[in-house]
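Asks: the sequence isn't on hand, but the structure is:
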């Protein structure tokens, strides 16, 4: 005999109540797990804790670049020539007057020797001209002496005849002839004096003309000598040989580049800064150049208007005298002061933090050996520090280590 069993039906509200209980139990378990997970303990030795300070900050823009010579000399060939000897190579320290390269040009040597020969001939002609003038003057002076002697004799004769003519010893005609002879000799002497005077003037002018020729030829000799001397390429300043553009045996034309020399005592810095910071840079702003051995004060003197590879180049004049560590083409870092923040709150810049942002940091509670998450609003960066606009007060301590992986509202410090 079969027994019929009736199914017991569960009321729908009862099933909902059972499901709700299960969900509540799961949520309670999760809540308990979160409580356990939220209890994170970190050693202080593993953290970087920085105090919040108040004071003045210098806002800077960081850049990098090189030191270059502000005084550069370009050496070129003054004429056609051939490189016969290379004395110094790039990188050599040089002094004013040091020989860098020697050139040769046989044609210039021939011109120089020819100019010297012509100079010697011109000088010999001048000496010969002076001798000729002296001989002419001597001849004229001799003639003058002869005429003067004749004049004195005629004068004495006329005086003697003047007494004798009264006594009738000498005729009147003879006496008059003696007077005429005396007068003519005197006139000849005066004419000779004028001629000697004019001759002296002619001699002086002819000597001046010949001396001018000698002077002109001396200029030709000096030019030729200078062109020959220019074949020896020398430095005109103390510095370093930055570039040598020639090779041994190379033929050069007039104006061809030979070398570039840069001063080691007059340096400037060419600094590259991010394009995004260029609008904050102005002329005469103070700059600190770091050679990694010394720090050099400077000033912005030029801002390049061209953007290259998302950077802008600025030129910085350096304070003199320069330290011994500064040398041309040396890599340096630069810090340009663009603003000064007065009486502001600041802290050492946390890792991976940008200016003018709001970030979550942990503020240290020293009494409880714990740290709580807080929102901090930051302002401008200033070197290693950053301005705090809100979220912290002076003398509080912030954890600036990267704790972005932690989401706990509180951590324990041990």
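Replies: Yep, that arrived. Bear in mind that the values here come from a model prediction, so they are computed numbers and not experimental data.
Asks: how close does residue 63 sit to residue 281?
Replies: Remark: distance between residue 63 and residue 281 (CB to CB, to the nearest Å) = 9 Å. (Glycine included, C-beta is placed from N, CA and C.)
Asks: now for those two: what residues contact both?
Replies: 273, 314, 336 (CB atoms under 8 Å, 6 or more residues apart in numbering).
Asks: check which helices and strands the helix or strand containing the last one is in contact with.
Replies: Of the helices and strands defined by DSSP states H and E, residue 336 is found in strand 331-348. Contact partners of strand 331-348 among helices and strands, from 3 or more CB pairs under 8 Å, 6 or more residues apart in numbering; DSSP states H and E: strand 49-51, strand 53-69, strand 267-274, strand 286-290, strand 370-382, strand 385-390.
Asks: please redo it, this time with the cut-off set to 6 Å
Replies: Applying 3 or more CB pairs under 6 Å, 6 or more residues apart in numbering; DSSP states H and E, one finds that strand 331-348 makes contact with strand 53-69, strand 286-290, strand 385-390.
Asks: state the number of residues packed around the closest residue to residue 53 other than its chain neighbours.
Replies: Spatial nearest neighbour of residue 53, excluding adjacent residues (CB to CB, 6 or more residues apart in numbering): residue 346 at 5.8 Å. Counted with other CB atoms under 10 Å, residues neighbouring residue 346 total 24.
Asks: so who does residue 346 touch?
Replies: Residue 346 makes contact with 53, 57, 385, 387, according to CB atoms under 6 Å, 6 or more residues apart in numbering.
Asks: can you tell me how far residue 348 is from residue 398?
Replies: Relative to residue 398, residue 348 is positioned 9 Å away (CB to CB).
Asks: now the strands for the stretch 101-250 of the chain?
Replies: 232-234, 239-244 (DSSP state E, counting those that start in this stretch).
Asks: now do the helix or strand just after the last one: everything it contacts.
Replies: It stands for strand 239-244. Counting by DSSP H and E, the next helix or strand C-terminal to strand 239-244 is strand 251-252. Here strand 251-252 makes contact (CB under 6 Å, 6+ apart) with 77, 81, 82.
Asks: one step back: who has more neighbours out of residue 348 and residue 398?
Replies: residue 398 (23 against 16).
Asks: pretty sure that one sits against residue 361.
Replies: Yes. When contacts are counted by CB atoms under 6 Å, residue 398 is listed as touching residue 361 (5.1 Å).
Asks: what about the helices in the stretch 151-300 of the chain?
Replies: Ranges of helices within the stretch 151-300 of the chain are 172-229, based on DSSP state H, counting those that start in this stretch.
Asks: could I get the shared contacts of residue 63 and residue 281 as JSON lines with neighbour count and pLDDT?
Replies: Listed next are the shared contacts of residue 63 and residue 281 as JSON lines, based on neighbours: other CB atoms under 10 Å; pLDDT from 0 to 100:
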{"residue": "273", "neighbour count": "21", "pLDDT": "94"}
{"residue": "314", "neighbour count": "25", "pLDDT": "95"}
{"residue": "336", "neighbour count": "24", "pLDDT": "93"}
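Asks: list just the nearest of those residues to residue 100.
Replies: Among these, residue 314 lies closest to residue 100 (CB to CB), at 32.5 Å.
Asks: doesn't residue 305 make contact with the closest one?
Replies: No. Using CB under 6 Å, residue 314 makes no contact with residue 305, being 11.0 Å away.
Asks: contacting residues around the spatially most central residue of the chain?
Replies: What sits nearest the mean C-alpha location of the chain, by CA atoms, centre = their mean, is residue 70, with 0.9 Å. By CB under 6 Å, 6+ apart, the contact list for residue 70 reads 266, 268.
Asks: now do the same for it: its pLDDT.
Replies: According to the prediction, residue 70 has pLDDT 86.
Asks: please report the distance of it from residue 315.
Replies: Using CB to CB, residue 70 is found at 9 Å from residue 315.
Asks: and residue 142, how many neighbours?
Replies: Residues near residue 142, counting by other CB under 10 Å, number 10.
Asks: mind checking pLDDT for it?
Replies: So residue 142 comes in at 90 (pLDDT).
Asks: how far away is it from residue 148?
Replies: Distance from residue 142 to residue 148, by CB to CB: 11 Å.
Asks: how about residue 323?
Replies: 87 Å.
Asks: neighbour-wise, which of those two wins?
Replies: The residue with more neighbours, out of residue 323 and residue 148, is residue 148; 15 against 11, by other CB under 10 Å.
Asks: without its sequence neighbours, what residue ends up closest to that one?
Replies: residue 189 (5.9 Å).
Asks: and the one you found, how close does it get to residue 151?
Replies: 6 Å.
Asks: next SSE after the strand holding residue 336?
Replies: Counting by DSSP H and E, the next helix or strand C-terminal to strand 331-348 is strand 358-365.
Asks: what angle sits between that next one and strand 331-348?
Replies: If you take axes from the mean of the first three to the mean of the last three CA atoms, to 10 degrees, strand 358-365 sits at 60 degrees to strand 331-348.
Asks: buried set for stretch 397-411?
Replies: Buried residues in stretch 397-411, counted by 16 or more other CB atoms under 10 Å: 397, 398, 399, 400, 401, 403, 408, 411.
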